[in-house]
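Visitor: Provide a 3D model corresponding to the input given below.
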Amino acid sequence: MRFIHTIRRFMSINKDYLPAFYLTLGFLLVNQGLVAYINYTIGNLTDSITAANLTAFGTQLLLLAAVQLLHLATEYQVNYRVNHLSECFVKRLRIHTYKKITNASMKWLDENQLGDIISRINGDLNALVNQINTFMTWQLAGLITFVVYTAACFFIHVKLSLVSFGIVPVLAILQFLTGRPIAKLCEKRSAAEGQANSVFVGLIGGLGIIKSFRSEQHFSQKYNRQVDKTVAANVKSFSLEFLMYPLQILMGYLPNIITLVFGSYLVINGELSIGMLFSYILLSTSAMDSIGSLSWQVRNIYDTIGISERIFGIWDIEEENTDGRLITKATDIPVTFEHIQFSYRPEQPVISNISFTVRPGEHIAIVGASGSGKSTVMKLLSGFYTADAGTIFVFGNRLEDWDKERLREHISYVGQDSFLFPGSIYSNVALGSQHASEERILACIRAVGLDNLNLHTPTGERGVLLSGGQKQRVCVARALLKDADILLMDEPTSALDTESEYYVQQAVKEFAVERTCITIAHRLSTILHTDRILCMKDGQIVETGSHAELMERGGVYKQLYLKQQNEFA
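Guide: Numbers count the residues shown, from 1 in each chain. Alright, predicted model coming up:
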C-alpha cells in the first residue's frame, strides 16, 4: 500500500522522535478513554434516574465530576504534545529535504529543471507540511477517537456493535478503492505544476530575450498547455471525489440509524437498559463522526501520497560521492590528471585520455575552441563530477579519497556564470570567508577596482543591479579572499573592459603569489605570460608549452592566436 510506504518513508527520518510519538499516542488514548468513560457514566446516571435511585445518582454524579477534572488535566498535555511533535516532524522534513538538495550531484541538478525543483520545494513541500499539521492535530485524534469509542461500544453490547459497525468495513473498502486513483492524479497534477513553474522561471529569467525575439505568444502557449494539464488532473480528481460523497454520507448516517432501530429493539426485549442505549448512541455517534471526518479528508490523504512521491524523489536523488575521509595533504604537488576520460552522456565523450601535472605555485592556462572540454576539467577537479576512467590526484591523494569539504578548502573557484546572492557587494565577497578581517575584505575589493562603489548597495537577485563586469570582479574578489592553495578561474575576464581586465590581472598577481593558478581563457592576450599553456581540441590536450614555444611550433594554438588577432585587428 502506498499509504503505508509513505508513512514508513516519513518515519524513517524521524526515528528519534518515535518515543515522543508513542508517548503522545498514550496521552491521546488516556484522554479519549476518559471521554468514553464520561459517556458511559452518563448512561449509568440516566439509569439511576429512571430507577429513582438517589444514592446511585449521587455516586455517579461525583464520579462524573472526578473523571471530567482528570480529562481536563490531560487535555493540555495532549494539545501541547501533539502540536510540539507536529512542529518537530515539519522541522525534520524541511531540514532533510534541504540537505538532500545541497548534497545533490551536479549531474542531477543539470538534468532537472529549476522550475520543477522549486515547485517541489515550495509547493509540494509546503502542502506536505500542512497535511502533517492536519494529520497530527485532527486526523490522528480522530483515528484514536474511533478506536477507543468503538471498543467502548463493544464493551457495552457486543451484538449491537456487530450489527451497527458491521457495515463500516464494507464502506471503507469501497472508499479505498475509489480513492486510490486520486493519488496518481495528484502526482500528475504536481508534475504538471512543476513543468508550468519551469516555463515561468524561464520566462522571468529570459524575459528580455523573449521580447527581443517576439516569442511571448510561444511561451504563453507553452505555459497554458501545462496549466491545462494541471486543471485536467484536478477535474478528474474532483470527479472521483464526488463519487465518494455518497459513501461518506452513508458512513456518517447509516450506522446511527441501525443503532437506533436495533438498540430500541434490545431495550424493548430487556437486553439493554435505556441509560446504556443512551451511552451507546453518544459513543457510536462520536465514533462515526470521527471516522466520517476522516473520510471527508480522504482526498487530502491521497493528495499527500501523490505529492510525497515527488518529495521522496528528492530524497532518492544521486548524491555527491562523500565516502572520502582524507583531510591532509600527502605531497606538495597540487594537481595531477592521469588518463582521465569523461562524458556527460555515454555516447558523447567530452574528455579523452588527458594527463598533466601542475607544479606548486605554477600558473597555467587552458585554451581551446568552445566545446573542447576546458570547463569540464575545472568541474572534475572541483569534485562536481566523477571521471569515467583515470585518476585525479590533489596534493597526492586521489580525489575520491578526500573529504569533500576539506578538499574544497584548498580550492577557490570562479565560474563562467558570475553568480551573486541577494545582498551587498561586501557580503558577496565575504561569502565563505566570514572570519576574514574587514581590512583584507576591503583590500580584495580594492584590488579588483570596485572600491569606487557603495559596498553595501544591494546587488539584487543574481546580481541584476550590477553590470556584467562588476559581477565578474565581485566573483574574482571572493575567490582571492578565500586564499586557497589552488585558484581555478573559468574565463574570469570575459565580460571586462581593458581597464577592468588590468585590475583583475594585477589582483591575481598580488594575491595569488605562491598559489597554484589554473585559468581558462578565451582571450588569449590575457594569458601570454603564464608559466604554461595547455591547448585542448576535441577533449584532448594536443599541445603544451609557453606562449613563445607554442607559437614557434605553429600548431593549433598558433592558429587560435592568429585568428583572434585578425578578429580584433
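
Visitor: for the stretch 351-500 of the chain, what spans make up the strands?
Guide: 363-368, 389-394, 397-398, 411-414, 486-490 (DSSP state E, counting those that start in this stretch).

Visitor: let me see the mean pLDDT of stretch 173-185.
Guide: The pLDDT scores in stretch 173-185 average 65.

Visitor: tell me the pLDDT of residue 20.
Guide: 88.

Visitor: that one is in contact with residue 80, isn't it?
Guide: No - if you go by C-beta atoms under 8 Å, residue 20 and residue 80 don't touch, sitting 11.5 Å apart. All C-beta atoms are positioned from the backbone trio N, CA, C, and that covers glycine.

Visitor: about what we covered before: out of the strands of the stretch 351-500 of the chain, nearest to residue 533?
Guide: The minimum distance between residue 533 and these falls on strand 363-368, with 4.9 Å, by C-beta to C-beta.

Visitor: direction included, what does the closest one pair up with?
Guide: If you go by DSSP bridges, strand 363-368 pairs up with strand 516-520 (parallel), strand 532-537 (parallel).

Visitor: can you give me the domain boundaries for this protein?
Guide: Annotated domains of the chain cover 17-315, 335-568 [automatic domain parsing].

Visitor: give me the next element, helix or strand, following the lowest-mean-pLDDT helix or strand in the chain.
Guide: Ranked by mean pLDDT, DSSP states H and E, the weakest helix or strand in the chain is helix 207-212, scoring a mean of 60. Proceeding N to C from helix 207-212, the next assigned helix or strand is helix 216-268, under DSSP states H and E.

Visitor: number of nearby residues for residue 452?
Guide: 6 (other C-beta atoms under 10 Å).

Visitor: please state the backbone phi and psi of it?
Guide: As for residue 452, its main-chain torsions (degrees, to the nearest 10) stand at phi -80, psi 0.

Visitor: over to residue 382?
Guide: Per degrees, to the nearest 10, the backbone of residue 382 is at phi -80, psi -10.

Visitor: quick one: contacts for the most centrally placed residue in the chain?
Guide: By C-alpha atoms, centre = their mean, the chain has its centre lying nearest to residue 97, at 3.8 Å. Residue 97 sits next to 121, 125, 311, 314-315 when contact means C-beta atoms under 8 Å, 6 or more residues apart in numbering.

Visitor: dump the strands paired with strand 363-368 into CSV; add mean neighbour count as well.
Guide: Shown next, in CSV, are the strands paired with strand 363-368 (neighbours: other C-beta atoms under 10 Å):
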stretch, mean neighbour count
strand 516-520, 23
strand 532-537, 22
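
Visitor: okay, now the unreliable bits of the stretch 201-350 of the chain?
Guide: Within the stretch 201-350 of the chain, the stretches with pLDDT under 70 are 201-215, 237-238, 240-252, 292-303, 306, 321-324.

Visitor: read off the pLDDT value for residue 389.
Guide: 91.

Visitor: okay, it and residue 339: tell me how far apart.
Guide: 7 Å (C-beta to C-beta, to the nearest Å).

Visitor: common neighbours of those two, please.
Guide: Counting by C-beta under 8 Å, 6+ apart, nothing touches both residue 389 and residue 339.

Visitor: for the strands of the stretch 351-500 of the chain, which one sits closest to residue 93?
Guide: It is, among these and with distance given as C-beta to C-beta, strand 411-414, at 31.8 Å.

Visitor: contacts for that closest one, please.
Guide: Residues external to strand 411-414 that are found in contact with it (C-beta under 8 Å, 6+ apart): 378, 381-382, 394, 475-476, 478-480, 482-490, 492.

Visitor: out of the residues you listed, which are buried?
Guide: With burial judged by 16 or more other C-beta atoms under 10 Å, the buried subset of those is 378, 381-382, 394, 475-476, 478-480, 482, 484-490, 492.

Visitor: gap between stretch 150-158 and the chain center?
Guide: 46 Å (C-alpha atoms, centre = their mean, to the nearest Å).

Visitor: buried residues in that stretch, which are they?
Guide: 150, 152-153, 156-157.

Visitor: identify the residues contacting that stretch?
Guide: By C-beta under 8 Å, 6+ apart, stretch 150-158 touches 36-37, 39-40, 43, 160-161, 164-165, 263, 266, 271-272, 276, 279-280, 283-284, 287.
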